[in-house]
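Chemist: Next comes the sequence, and after it the predicted model I'd like to discuss.
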Amino acid sequence: MKKVLITGGNKSIGFETARQLLQKGYYVYLGSRSLEKGVEAVEKLKGEALFNVEAIVLDVADTASVNAAREEIGRKTDMLDVLINNAGINGGLPMSALEASINQFQAVYETNLFGVVRMVQAFIDLLKKSPTPRIVNVSSSQGSLTLADDPTHKYYQFKGAVYQSSKSALNMYTIALAYQLRDTPFRINAVDPGFTKTDFNNHRGTGSVEEAGARIAKYVLIGADGPTGKYISEEMNPEGGIIPW
């Protein structure tokens, strides 16, 4: 049974992704900053007869928490097949380039970028033991420099300097990571789940969590000939998925 670790897996898109991968036969380590909320999420899934799941206390912005999660999972398994870096924050208001504070930038980067780096570096040894390792970095089309600079882009007027730049940085890390592991079985991609209706955006999104979860799960399930080092948004490009960096 393949094993997947999902950060921020106790709610919204992370939770739905966990549900869909459980339905596909995966064993899920469901990362949650709060043990209570993680256990609640696990019990909800078990109530749907999805039993191969357990909660892991995990705060990606805290190195000690990441290391503790690595030790805990390492006691349970000697191999991890999939890492989904889903946890993220938007930084709150104001988001504009002149008004957003340094503290906002630091907090968002701590989770959206440094948290991913922590997770990859902490779990890479377990991932390397899998014959089919996959890393999905949950990004956003808002991180595309090309689209952000295109006046015809549907979200051109949204200029959240803090959140957008953190996802652009995550995209660059994805490129570098995929390149370093290019001659291995790893498949590593930055995937945009789309503008999804969740509490992350005060339910202003237009897509469903089911659709978002399916988009992430799709790039967990790809075969050896699947893409790697790509930036994918099926919302922006329904035909082929690939969008410009």
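Modeler: That came through, no problem.

Chemist: Just the buried residues of stretch 169-181, please?
Modeler: By neighbour count on 16 or more other C-beta atoms under 10 Å, the buried set for stretch 169-181 is 169, 170, 171, 173, 174, 175, 177, 178, 181. Every residue, glycine included, has its C-beta placed from N, CA and C.

Chemist: now that stretch: how far from the chain's centre is it?
Modeler: Centroid separation for stretch 169-181 versus its chain: 14 Å, with C-alpha atoms, centre = their mean, to the nearest Å.

Chemist: any residues touching that stretch, and which ones?
Modeler: 109, 112-113, 116-117, 120, 135, 137, 139, 143-144, 186, 188-190, 228-229, 231, 245 (C-beta atoms under 8 Å, 6 or more residues apart in numbering).

Chemist: Extract the C-alpha trace of it and format it as CSV.
Modeler: Extracted C-alpha coordinates of stretch 169-181, given in CSV (Å, rounded to 0.1, in the frame of the first residue of the first chain):
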residue,chain,number,x,y,z
ALA,A,169,9.2,31.6,-5.0
LEU,A,170,7.7,28.1,-4.4
ASN,A,171,7.5,27.6,-8.2
MET,A,172,11.2,28.4,-8.5
TYR,A,173,12.0,26.0,-5.8
THR,A,174,10.0,23.3,-7.6
ILE,A,175,12.0,23.9,-10.8
ALA,A,176,15.3,23.6,-8.9
LEU,A,177,14.2,20.5,-7.0
ALA,A,178,12.9,18.7,-10.1
TYR,A,179,16.1,19.5,-11.9
GLN,A,180,18.3,18.1,-9.1
LEU,A,181,16.2,14.9,-9.1
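
Chemist: Let the chain start at 173 from now.
Modeler: In the new numbering, first residue 173, that becomes stretch 341-353.

Chemist: tell me the mean pLDDT for it?
Modeler: The average pLDDT for stretch 341-353 rounds to 98.

Chemist: picking up where we left off before, from the contacts of stretch 341-353, list the buried ones, please.
Modeler: For these, buried by 16+ other C-beta under 10 Å: 281, 284-285, 288, 292, 307, 309, 311, 315-316, 358, 360-362, 400-401, 403, 417.

Chemist: contacting residues around the residue nearest the centre of the chain?
Modeler: The residue lying closest to the centre of the chain (C-alpha atoms, centre = their mean) is residue 258, at 2.5 Å. The neighbours of residue 258, taking C-beta under 8 Å, 6+ apart as the test, are 178, 179, 180, 181, 185, 186, 189, 310, 388.

Chemist: which among these gets closest to residue 213?
Modeler: The nearest member of those to residue 213, counting by C-beta to C-beta, is residue 181 at 7.0 Å.

Chemist: how deep is that closest one tucked in, by neighbour count?
Modeler: 32 (other C-beta atoms under 10 Å).
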